[in-house]
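[1] sequence unavailable; structure follows:
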């Protein structure tokens, strides 16, 4: 969604930039969810620590991906990167509409 909006607003460079911004949210979140799934299978009470450490790693990874975007894609359109970040972060609210 954000890629299409960025393509319409900023062109192909903006679409690639929005994709990078979206991936800066999606990849760390996938790793975080995978890690919590593995910890949930363990016996004991390590879930709280795993959550806090995982959340820290998730935030650090997102910042690291944004730094990599800056270093590896110097022509990135940062308005589109932020647009990709915001739209991808807001997509989590759509999960509240799904009934289990």
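    Arrived safely. Everything numeric here is computed off the predicted structure, so don't read it as measured data. Numbers count the residues shown, from 1 in each chain.

[2] what residue lies at the spatial centre of the chain?
    residue 25 (0.6 Å; Cα atoms, centre = their mean).

[3] for residue 33, see how far away residue 95 is.
    12 Å (Cβ to Cβ, to the nearest Å). Yep, even glycine has a C-beta here, placed from its N, CA and C like the rest.

[4] show me where this protein has helices.
    Ranges of helices in the chain, per DSSP state H, are 2-10, 12-40, 47-72, 78-90.

[5] in TSV: those, plus mean pLDDT.
    Converted to TSV, the helices of the chain look like this (pLDDT from 0 to 100):
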stretch	mean pLDDT
helix 2-10	91
helix 12-40	93
helix 47-72	93
helix 78-90	93
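
[6] would you format the ones you listed as JSON lines with distance to residue 99 included?
    Listed next are the helices of the chain as JSON lines, based on distance: least, Cβ to Cβ, whole Å:
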{"stretch": "helix 2-10", "distance to residue 99": "26"}
{"stretch": "helix 12-40", "distance to residue 99": "20"}
{"stretch": "helix 47-72", "distance to residue 99": "25"}
{"stretch": "helix 78-90", "distance to residue 99": "20"}
